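Fold the following.
(2 chains)
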Amino acid sequence: MRRRLGLRAVALGYLLVVLLAPLALVFYRTSEHGLHPVWSALSDPDTVHAFEITLLATAVAVPLNTVFGVLCALAIVRRRFRGKGLLNAFIDLPLALSPVVVGLALYLLYGRTGWFGGWLTGHGVQVLFAWPSIALATVFVSVPFVAREVIPTLRELGNEQEQAAATLGATRWQRFWRITLPSIRWAVIYGVVLTTARCLGEYGAVAVVSGRIQGQTETATLRVEDYIQNFQTPGAYAVAVVLAAIAVLVLVLMTLTRPREETL
Amino acid sequence: MSIEIRNVSKRFGSFTALDDVSLEIPEGSLTAVLGPSGSGKSTLLRIVAGLERSDSGEVLLSGEVATGIAPQRRDVGFVFQHYAAFKHLTVRDNVAFALTIRKRPKQEIRERVEELLELVQLQGFADRYPSRLSGGQRQRMALARALAAKPRVLLLDEPFGALDARVRAELRDWLRRLHEEVHVTTVFVTHDQEEAMEVADRVAVLDHGRLEQVGVPAELYDMPASEFVLRFVGDAVRLGSRLVRPHEIVLRRWPDDGAVEVEIERIAVLGADARVDLVDGSGERLAARLRRDELEDLDLARGEIVWASAEPYLARDTEAGQALG
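Sure thing, here's the model as predicted:
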C-alpha cells in the first residue's frame, strides 16, 4: 500500500511539474491584467484569420488521415504483401522526423525550382506560402495517430467475427460497416482526438512553408510566436489559452462519451 | 443440400493440411469429421464454407462446383469454436444479422428471431450483450444466428470444444435433437471420438490430412480400416503381433492355437467390468477387459500364468483388418 502511494505520488508530481504547472501559469497570466487585453487580442482580425487557417488545415488533415489510418491499419493487420514492414515503419516517420525537416522537404518539392513547384506555379496554383502548403504540412505531421491506435485493436479483435459475418451473407462492405468499424470505433475516435490535437498544435513544418504573412498565412501557433516576438505577451497568452482550451475540451468530451465499462 | 468433396488438397507452407481428400456427405445427414489436432479437419470444413481455398480439387454443393464462390454466397451456416459473437450487438441483433443484411421486413425478422431464440432456449436473453452470456449460451446464440437465414448446410467447427464437460454433454444431446427437428445437412468437426460416435450418423476419420475411413459409428469401431482408426476410435492393445480391443481378449488357463503366454500383474474391478493388466514374455504390457462373471469363473490371481487370445466381435476381413488381426 505504501509503495503504491509512493508510486502514485511520483506519477502525479511529475505530471504536475512538467504538464500542469506551466499550463496553469498560462491560464493565470492570461487573466492577470483583466480580460480586456485578452479580448482585444482575440478579436484582432489577424488572430481570427490565424484561427481560421489552423481550423482549415485541421479540417483537411483529420478526415484524410482518419481514412488513410484505418485503411493502413487494415492492410497491415489483415493482408500479407511485400513491403508491409516498410509501410509500418513509414507510418511512424512523422513522429521520428523533426517537423522542420518536413517543412524543408515540402519547401524543396513545391518551391519555384522544386519537382512539383515549377509545374504548379506554371498552372497558376500557389502552394508554398499559401494555405495548401500549410494543409500539406499538417497532414504530413499527423499521419501516424489513427493507424497507431487502430492497429493493436484490430490485432486483438482477430477476424473471426468478420468470417462469421461473411458466412451469414455479409459482403465485404457490409462486414466493414457493420462489424469491423463498430468494433474499432473507440480506437478510431481516440486516434481522431490525437490527430486533431497534433494538427492544432503544429508549428515547425508550418513555420517553414507558410511564409508567416500576418493575416494571410499565419496559423494560431505562429500567431503566438508573433505576439511574443513583438513583446505583446497578453496576446500570446490569449491565443495560447484558446488552443489549450480546445484541446482540453476535446479530451473531456471524449472521456465523457466513452463507455465506462471497457467491453470491447 | 449434399456436399461432395473431390480430391481436395491444401498446404500451408511446408505443412500438408489436406492430402487428396474425397468425401461425400448426403443431403440431410449429420456427419462428424473426426481427427486429432493438426489432422486437417477444420481446414476441410473451412474450405467447404469458402473461408479457405483449396490448392487443388473441388467442392460441390448440391452438385454444383463451389470453387470461387465467396462464403457469403454459399448459403452455409458456420459455427466457430470460440463463438465469434458480435460483441457490439445484442443477442437479438446477433441472431437477426443474416436477415437484417438481407433487408427482410422488420416484422418477419422479429418473428424469426423469436422463433430461433425459443429453439435455442434463450428467450429471456434477447436484449443482453454476448459478454453477459455463459459459454454454452453464447454457442447456442451462435447456432441460432447461423440458422437464421435457413442455410442449406450447417457447419460446426469444434462447437463444444471450449465448453466444460457437463455443458458439452448437454449441447451434444441438444444438437442431435435439433438436427431431428431442422433436418439441415450438418457437418461438425471434433477431436473427441465419443462425441462423434454419440452425435453423428456418419463419421469421417482424418489423420495427417488423409481420409482414413468413413462409416457409421459401429463400423469404425468394429471394422476399423487402419491401425490409426483402431487406435483412435476406442481403445486398442497389442497382443503378440496383432492390435485388438481390450474387451476382445479371452484368457484361458491352457495353451491354445495362436494364444500368447502372459503373466497377470494386477486385477482391478471397475463396476461391471474388470481390468486385468498382463505382461507377456518379452515384457510388453497390455490390459484386458473382462466381465466380472468371466473373471470369477476363471478364478485368477496375481502372478499366475495364462494364455491370451482375441476374438474380434466381427471378423475383420478387410485388407487393413487382415494386416491388423
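
Select the longest helix from the chain.
You didn't say which chain, so I picked chain A. helix A:45-78 (DSSP state H).

my bad, the chain I had in mind was chain B
Every helix in chain B considered (DSSP H), the longest is helix B:165-182.

Alpha carbons only: can I get that one in CSV?
What follows is helix B:165-182, C-alpha atoms only, in CSV (Å, rounded to 0.1, in the frame of the first residue of the first chain):
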residue,chain,number,x,y,z
ALA,B,165,-17.8,-31.3,-19.8
ARG,B,166,-21.3,-31.0,-18.4
VAL,B,167,-22.4,-28.3,-20.8
ARG,B,168,-20.8,-30.2,-23.6
ALA,B,169,-22.8,-33.3,-22.9
GLU,B,170,-26.0,-31.2,-22.8
LEU,B,171,-25.3,-29.5,-26.1
ARG,B,172,-24.5,-32.8,-27.8
ASP,B,173,-27.9,-34.1,-26.9
TRP,B,174,-29.4,-30.9,-27.9
LEU,B,175,-27.6,-30.8,-31.3
ARG,B,176,-28.8,-34.3,-32.0
ARG,B,177,-32.4,-33.3,-31.3
LEU,B,178,-32.1,-30.0,-33.2
HIS,B,179,-31.0,-32.0,-36.2
GLU,B,180,-34.0,-34.2,-36.0
GLU,B,181,-36.2,-31.1,-35.9
VAL,B,182,-34.5,-28.9,-38.5
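
State the next helix or strand along the chain beyond it.
Under the assignment DSSP states H and E, the closest C-terminal helix or strand after helix B:165-182 is strand B:185-190.

Can you name the next helix or strand after that following strand?
Next along from strand B:185-190, by DSSP H and E: helix B:193-199.

so what secondary structure elements neighbour the longest helix of chain A?
For helix A:45-78, the elements it packs on are helix A:84-91, helix A:131-141, helix A:144-157, helix A:181-201, helix A:220-229, helix A:233-257, judged by 3 or more Cβ pairs under 8 Å, 6 or more residues apart in numbering or on different chains; DSSP states H and E. (Glycine included, C-beta is placed from N, CA and C.)

Export those as a markdown table, with columns for distance to B:Ala196 and mean pLDDT.
Output for the helices and strands packed on helix A:45-78, formatted as a markdown table (distance: least, Cβ to Cβ, whole Å; pLDDT from 0 to 100):
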| stretch | distance to B:Ala196 | mean pLDDT |
| --- | --- | --- |
| helix A:84-91 | 40 | 92 |
| helix A:131-141 | 58 | 94 |
| helix A:144-157 | 32 | 95 |
| helix A:181-201 | 34 | 93 |
| helix A:220-229 | 68 | 93 |
| helix A:233-257 | 49 | 87 |
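
Of those, which stretch is the most buried?
helix A:131-141 (a mean of 24; mean count of other Cβ atoms under 10 Å in any protein chain shown).

Show me the contact partners of that one.
With Cβ atoms under 8 Å, 6 or more residues apart in numbering or on different chains as the contact definition, helix A:131-141 has outside contacts at A:53, A:56-58, A:60-61, A:64-65, A:94, A:99, A:102-103, A:106, A:110, A:125-127, A:198-199, A:202, A:205-206, A:208-210, A:217, A:219.

Any chance of a ChimeraX selection covering the buried ones in these?
The buried residues among the contacts of helix A:131-141 can be selected in ChimeraX (16 or more other Cβ atoms under 10 Å in any protein chain shown) with this line:
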select /A:53,57,58,60,61,64,65,94,99,102,103,106,110,127,198,199,202,205,206,208,209,210,217,219
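
check which helix or strand covers the residue of the stretch 1-150 of chain A found nearest chain B.
Residue nearest to chain B within the stretch 1-150 of chain A: A:Arg80 (12.2 Å; Cβ to the nearest Cβ). For A:Arg80, there is no host helix or strand (DSSP H and E).

related to what we said a few turns ago, and the longest helix of chain A, what's buried?
Buried, per 16+ other Cβ under 10 Å, within helix A:45-78: A:47, A:49-51, A:53-54, A:57-58, A:60-62, A:64-66, A:69-70, A:72-74, A:76-77.

try stretch A:34-48
A:Pro37, A:Val38, A:Ala41, A:Leu42, A:Asp44, A:Thr47.

Surely the last one is in contact with A:Val239?
Yes: counting by Cβ atoms under 8 Å, A:Thr47 sits close enough to A:Val239 to count as a contact (6.2 Å).

Pull up the overlap in contacts between these two.
Joint contacts of A:Thr47 and A:Val239 (Cβ under 8 Å, 6+ apart) are A:Ala41, A:Ala220, A:Arg223.

Now that we have those residues, can you turn them into CSV and tack on distance to chain B?
Shown next, in CSV, are these (distance: Cβ to the nearest Cβ, whole Å):
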residue, distance to chain B
A:Ala41, 46
A:Ala220, 37
A:Arg223, 43
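
Which of the residues you listed sits closest to A:Asn88?
Proximity of the shared contacts of A:Thr47 and A:Val239 to A:Asn88 (Cβ to Cβ) peaks at A:Ala220, which lies at 32.5 Å.

Nearest residue to the closest one in space, please, no chain neighbours.
A:Thr54 (4.2 Å; Cβ to Cβ, 6 or more residues apart in numbering or on different chains).

Distance check, the one you found against A:Pro94.
18 Å (Cβ to Cβ, to the nearest Å).

Quick one: residues contacting the residue most central in space within chain B.
For chain B, B:Ala196 is the residue whose C-alpha lies nearest the centre (Cα atoms, centre = their mean; 3.0 Å). Taking Cβ under 8 Å, 6+ apart as the contact definition, B:Ala196 lies against B:Ala32, B:Leu34, B:Thr190, B:Val203, B:Pro217.

Of those, which is the most crowded?
Ranked by neighbour count (other Cβ atoms under 10 Å in any protein chain shown), these have B:Leu34 at the top, with 29 neighbours.

surely that one meets B:His191?
Yes: with contact defined as Cβ under 8 Å, B:Leu34 reaches B:His191; the gap is 7.2 Å.

Pull up the overlap in contacts between the two.
Joint contacts of B:Leu34 and B:His191 (Cβ under 8 Å, 6+ apart) are B:Lys41.

Low-confidence regions, chain B specifically.
Applying pLDDT under 70 to chain B picks out residues B:312-325.

near chain A, which residues of it?
Proximity of chain B to chain A, by Cβ under 8 Å from any Cβ of the partner chain, involves residues B:49-51, B:70-74, B:76-78, B:80, B:82, B:84-88, B:97-98, B:101-102, B:129, B:131, B:142, B:145-146, B:148-149.

Now do B:Ile249: how many residues are near it, please.
22.

Who does it form a beta bridge with?
B:Ala310 (DSSP bridges).

can you pull the contacts of residue 188?
By default, I'm working from chain A. With contact taken as Cβ under 8 Å, 6+ apart, A:Val188 is in contact with A:Thr66, A:Gly69, A:Val70, A:Val146, A:Glu149, A:Val150, A:Leu181.

let's do chain B instead
Contacts of B:Phe188 (Cβ under 8 Å, 6+ apart): B:Leu30, B:Thr31, B:Ala32, B:Val33, B:Leu155, B:Leu156, B:Asp157, B:Pro159, B:Leu175, B:Val199, B:Ala200.

most surrounded residue in those?
Busiest of the contacts of B:Phe188 [other Cβ under 10 Å] is B:Val33, holding 31 neighbours.

circling back: show the buried residues in the residues of chain B next to chain A.
B:49-51, B:71-72, B:74, B:76-78, B:80, B:84-88, B:97-98, B:101, B:129, B:142, B:145-146, B:148-149.

can you list the residues of chain A near chain B?
Neighbours of chain B within chain A, by Cβ under 8 Å from any Cβ: A:160-161, A:163-171, A:174, A:178-179, A:182-183, A:263-264.

and those, which are buried?
Buried, going by 16+ other Cβ under 10 Å: A:161, A:163-170, A:174, A:178-179, A:182-183, A:264, out of the residues of chain A next to chain B.
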